[in-house]
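Novice: Below: sequence and its predicted model.
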Amino acid sequence: MQPNIGVGSTGSNMTVSASIGRMFLDRGGSKRSDGGDRLLSGVHLVRVSDDTTATFDVRSDELPCLVLPAALLSGASDLDAHVLVAAEGRDIEIAKSVIALLDADAVAINLVHVTWLPEIAMSSIGESGLDDPGNQDLLMFEGAREALVERAAELRASGFRVTTHLRMNRNPAEAIARYLQQRPAELLILGLGRHGAGIGRDVMRSDPLPLLFVNARG
């Protein structure tokens, strides 16, 4: 486990700005309608004091865990918040976690899966990847159908607007950072997966946006 370096306050039942809080449901499932700072109950919060050097870890018993960068822009907007959900094939619970936490009327979800093929395998897809790929496009990529088609279906069934995106890169954090350069988001959602909080740490150092770690594998 990484030591917490460059981290300010941590804890549960802390307040967040309206720009963050508007994306979330109350844990009872009701929508938030009040303005101003909001109490985010049932979510563990980590406030980072230095985005470039922060080293934090997230334990499974702290999920869901919201990590807020130091350079967080404030101010609410009437526009839908763009949320990037990075899913692996084994993240079979990630859609359920998103549905339990976020307000489908307040966010638009970009569902992204990062994969890589061995160099001996030929693929016509470059690092730019595919947007809104179909089943046939995903056949050669292990876990891609589960991450994109199945998870998107679950989210759409609960009223979320979802676009799907396949990216090719050996380094998932690098692929996510590049995606965010082209399509900025207000929130990045990750499961802990096999990389722990490492992907989130690497992304935050290049793009200081809020990170939400959720239960993705049961």
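Specialist: Sure thing, it's come through.
Novice: Show the subsequent helix or strand relative to the lengthiest helix in the chain.
Specialist: Longest helix in the chain by number of residues (criterion: DSSP state H): helix 172-182. As assigned by DSSP states H and E, the chain's next helix or strand after helix 172-182 is strand 187-191.
Novice: Sheet partners, orientation included, of that following strand?
Specialist: Within its sheet, strand 187-191 is paired with strand 81-86 (parallel), strand 211-214 (parallel), according to DSSP bridges.
Novice: immediately after it, which helix or strand?
Specialist: Scanning forward in sequence from strand 187-191 by DSSP H and E, the next helix or strand is helix 198-206.
Novice: Who does the residue positioned nearest the centre of the chain form a beta bridge with?
Specialist: For the chain, the residue sitting closest to the mean C-alpha position, by C-alpha atoms, centre = their mean, is residue 189 at 1.4 Å. Beta-bridge pairing for residue 189 (DSSP bridges): residue 85, residue 212.
Novice: For the remainder of this discussion, apply numbering that starts at 22.
Specialist: Got it, the first residue is 22 from now on, which makes the last one we talked about residue 210.
Novice: Before we move on, what's the pLDDT of it?
Specialist: Listed pLDDT for residue 210 reads 97.
Novice: Equivalent analysis for the one 4 residues further on, please.
Specialist: Each residue has a pLDDT score; the one for residue 214 is 76.
Novice: what residues are up against it?
Specialist: 109, 111-112, 220, 237-238 (C-beta atoms under 8 Å, 6 or more residues apart in numbering). Quick note: C-beta positions are derived from backbone N, CA and C, even for glycine.
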